[in-house]
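Asker: Please work out how this folds:
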Amino acid sequence: MSRQRFVRYGTISNVTSRPAEEQRLSDLVRLRRVRDRIDREYAQPLNVEALARGVNMSTGHLSRQFRAAYGESPYSYLMTRRIERAMALLRRGDLSVTEVCFAVGCSSLGTFSTRFTELVGVPPSTYRAQHGRTTAGIPSCMAKQVTRPIRNKEAPVASRT
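Answerer: All right, here's what the predicted structure looks like:
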């Protein structure tokens, strides 16, 4: 937000620049559209370029603004939504890990397993064995809050060599 300082009659006043404020609000509306699209179409093949094109922003600008607004990149947000849905499907217990991987929009079982382990702290097969049917009898609104994935900060990042 751009602020200008004016000295008027011996006092200093702050005035917010109208175009900068309007641009910020316009960007927030577009970012909400991107977030809503990710929430709605998480199982579809989405990438940052397609998301940016959908709201007439450059990929760099979208990534920077999305991170500033929501605390994570669009890709990270997408993967979190996918893993959140995968957790629910694994708890149901009627699909294999591979079927869950493809059902939530991941095209690689290895990438899915890696991201799942990073977010949840255990591999998908272990999660399925430990948490199958654990939310039975809990209202879905409460189960969603209790089981929401939180990025596991203690998990070591695998070296990419």
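Asker: so where is the chain shaky, pLDDT-wise?
Answerer: Filtered on pLDDT under 70, the chain yields the residue ranges 1-18, 132-161.
Asker: Could you chop it up by domain?
Answerer: 15-75, 78-147 (automatic domain parsing).
Asker: Pick the most buried one from these.
Answerer: domain 78-147 (a mean of 16; mean count of other CB atoms under 10 Å). Glycine gets a C-beta too; all of them are placed from N, C-alpha and C.
Asker: Not counting its neighbours along the chain, what's nearest G105?
Answerer: Closest residue in space to G105, ignoring its immediate chain neighbours: A43 at 4.0 Å, by CB to CB, 6 or more residues apart in numbering.
Asker: quick one: that neighbour and V97, what's the gap?
Answerer: Using CB to CB, to the nearest Å, A43 is found at 16 Å from V97.
Asker: For stretch 32-46, report the contacting residues that lie outside it.
Answerer: 51, 54-55, 62, 66, 70, 74, 77-78, 81-82, 85, 103-105, 107 (CB atoms under 8 Å, 6 or more residues apart in numbering).
Asker: list the helices and strands the strand or helix carrying E84 packs on?
Answerer: Here E84 is covered by helix 74-92, with elements defined by DSSP states H and E. With contacts taken as 3 or more CB pairs under 8 Å, 6 or more residues apart in numbering; DSSP states H and E, helix 74-92 sits against helix 18-41, helix 48-54, helix 59-70, helix 97-103, helix 109-120, helix 124-131, helix 140-147.
Asker: Switch those helices over to CSV; also include distance to L89.
Answerer: Formatted as CSV, the helices and strands packed on helix 74-92 follow (distance: least, CB to CB, whole Å):
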stretch, distance to L89
helix 18-41, 16
helix 48-54, 24
helix 59-70, 24
helix 97-103, 5
helix 109-120, 11
helix 124-131, 9
helix 140-147, 12
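Asker: Figure out which of those helices is closest to L90.
Answerer: With distances scored as CB to CB, the stretch of the helices and strands packed on helix 74-92 nearest to L90 is helix 124-131 (4.2 Å).
Asker: how about the nearest residue to L90, chain neighbours excluded?
Answerer: R128 (4.2 Å).
Asker: mind listing what that neighbour touches?
Answerer: By CB under 8 Å, 6+ apart, the contact list for R128 reads 90-91, 93, 97.
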